[in-house]
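Enquirer: Curious how this folds, go ahead:
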Amino acid sequence: MDFKVIHIDETDSTNHWLRSSEGTVLGESSLKDSPRTVPSELCVVAEYQTAGKGCGTNSWESERGKNLTFSVLIHPTEIPASRQFLISEIVSVALCETLEPYLKPLESREPLRIKWPNDIYYGDRKLCGILIENRLQGSTFKDSIIGIGINVNQEVFLSDAPNPVSLRQILGREINRETLLNEFLQRFKETFLCEAETVSTKYRSLLYRKDGFYEYEDAKGRFQAKVLNVLNDGHLVLLDTEGTARIYAFKEVSYIINKRYMARFKRILLKLSGESLMGKQGYGIDPERLSDYAKQIKEVSEMGVQIGIVIGGGNIFRGLSGSQKGFDRVKGDQMGMCATVINSLALSSALGAVGVKNKVLTAIRMEPIGEFYTKWKAIEAMEAGHVCIFSAGTGSPYFTTDTGSSLRGIEIEADVMLKGTRVDGVYTADPEKDPTATKFNEITYKEVLARGLKVMDLTAICMCQDNNLPIYVFNMDILGNLKKVMDGEPIGTLVHN
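Expert: Have a look, this model is predicted:
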């Protein structure tokens, strides 16, 4: 089994590309109309998939040029159609054996397991996904297309996928994707030649949750069970706490995975609007709104997320509008900086009231009101479990708190900037003024700039774009929304490169 490897830049999905293009690749006019003499098995690798598929209606998130998204076409004519689940076992085992050497040097590590039928998990997080499409002719195979996604070098996952993880996140270093691909193809060929029973035994030994009772859910509700077996036809056998064996086909049962400590970001920069602090008041700080914000921040802090916060001062004074009323611009901006300090102190007090350790850091010296900001002081405090509130903007006039939040997010090496506003995302127009405005689920920085959308000011947007800091815009004024973002629920708009 020798693979002809084809690299392409972009496609909707590599499985679909192979199914629709393999005839052309092999010099045939049509898959259906031409007899085939296949010179080699095929492997197509895409730098980017616009609609990568998972099983059923699932999709696969992958940042361009960061991961391995590929499909292989094989012709396993020696495997009977009744034993087609063996393909899943071969691929899953080959992936585990390819990845294991990368993880073995770690002193403290999670187990690498196969979540039935064929996801590869590192602990409780998904490292690889597999989608297999078989075509049969009577009792034998015609061919099989195996789509594989391996999270390799992606550092931040922004879709609603609940629990992804990458090798880069696990190992703290980048992996050569071409080397990894070649290692997998070699391991796949070796595993394919093994005895079927040997492969099946390895597959079952690597099953996720094979030891102990865990929570599952079927059409009748939730229950506790442990994995008893996977049958040769691919059915999962669970043994519940009453001693009853339950047999399921794919999609008939769900694994319940506790996401409490599975926040998709390790470190965030939360940008809050000063005007939102007014709540239903026309000015100043609404204690109820402030309390709601503190509760939401506490909830996310308890997930182990490191949090930096920048809060505006528009509820008290906005420098630019002040200059339009006759204030000197520099003096006006300095007044605005002081307004952000007032809001920061208020938020600090509210966080302390709910038991959240925090520090106020100021861009201009004003001890003992707050500590003077440095990057290293901020990171050290966040790693020690403190929420850091960055106040006084950048410390210089002519820069907005949007720009200040972009700067701080880049400096503290945040995974993402979360922009909490009073609307639930980015729209084609202001939804409070234009009822026909439609919401984007995601949009690129280039499109934001081309459309002139007011996500943040131009300087802030360009800084995030140049430094690859994604922005997630959501409605912070709804209690619980911050945790929903951290859990991966698609409630806002992602802005990215």
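
Enquirer: Need the three-state assignment for residue 97.
Expert: Using DSSP: H, G, I helix; E, B strand; the rest coil, the structure places residue 97 in helix.

Enquirer: Compute the first-to-last residue distance for stretch 451-464.
Expert: Start and end residues of stretch 451-464 are separated by 17 Å (C-alpha to C-alpha, to the nearest Å).

Enquirer: can you give me the strands in the stretch 301-450 of the chain?
Expert: Secondary structure of the stretch 301-450 of the chain (DSSP state E, counting those that start in this stretch): strands located at 306-311, 358-362, 371-372, 387-391, 416-421, 426-427, 439-440, 442-444.

Enquirer: so can I have a markdown table of the ones you listed showing mean pLDDT and distance to residue 287?
Expert: Yep, even glycine has a C-beta here, placed from its N, CA and C like the rest. Listed next are those as a markdown table, based on pLDDT from 0 to 100; distance: least, C-beta to C-beta, whole Å:
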| stretch | mean pLDDT | distance to residue 287 |
| --- | --- | --- |
| strand 306-311 | 96 | 15 |
| strand 358-362 | 96 | 18 |
| strand 371-372 | 96 | 26 |
| strand 387-391 | 96 | 17 |
| strand 416-421 | 93 | 18 |
| strand 426-427 | 92 | 30 |
| strand 439-440 | 89 | 31 |
| strand 442-444 | 87 | 35 |
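
Enquirer: If we go by neighbour counts, what in stretch 415-429 is buried?
Expert: For stretch 415-429, the neighbour count (16 or more other C-beta atoms under 10 Å) marks 415-421, 423-427 as buried.

Enquirer: To residue 154, which of the strands of the stretch 301-450 of the chain lies closest?
Expert: Nearest to residue 154, of all these, is strand 416-421, at 12.8 Å by C-beta to C-beta.

Enquirer: Look at residue 38 and report its pLDDT.
Expert: The model reports residue 38 with a pLDDT of 39.

Enquirer: Just give me the residue right at the centre of the protein.
Expert: By C-alpha atoms, centre = their mean, the mean C-alpha position of the chain lies nearest to residue 157, the distance being 1.9 Å.

Enquirer: which other residues reach stretch 114-121?
Expert: Residues outside stretch 114-121 that contact it (C-beta atoms under 8 Å, 6 or more residues apart in numbering) are 55, 85, 88, 91-93, 95-96, 99, 112-113, 126-130, 132, 203, 206-209, 227, 230, 234, 236, 250, 255.

Enquirer: now residue 465: how far from residue 402?
Expert: As judged by C-beta to C-beta, to the nearest Å, residue 465 and residue 402 stand 13 Å apart.

Enquirer: Ok, residue 340 next?
Expert: Residue 340 is 12 Å from residue 402, where distance means C-beta to C-beta.

Enquirer: quick one: which of those two has more around it?
Expert: Using other C-beta atoms under 10 Å as the criterion, residue 340 and residue 402 rank with residue 340 on top: 26 against 23.

Enquirer: Give me the nearest residue to that one, chain neighbours excluded.
Expert: Spatially, and ignoring its direct neighbours in sequence, residue 340 is nearest to residue 313 (4.1 Å; C-beta to C-beta, 6 or more residues apart in numbering).

Enquirer: That neighbour: what's it in contact with?
Expert: Residue 313 makes contact with 274, 336-340, 342-343, 401, according to C-beta under 8 Å, 6+ apart.

Enquirer: Show the buried residues in the residues you listed.
Expert: Neighbour counting with 16+ other C-beta under 10 Å marks 274, 336-340, 342-343, 401 as buried within those.

Enquirer: Closest to residue 63 out of those?
Expert: Of all the buried ones among the contacts of residue 313, residue 401 has the smallest distance to residue 63: 28.3 Å, by C-beta to C-beta.

Enquirer: roughly how far apart are residue 436 and residue 428?
Expert: Going from residue 436 to residue 428 by C-beta to C-beta gives 8 Å.
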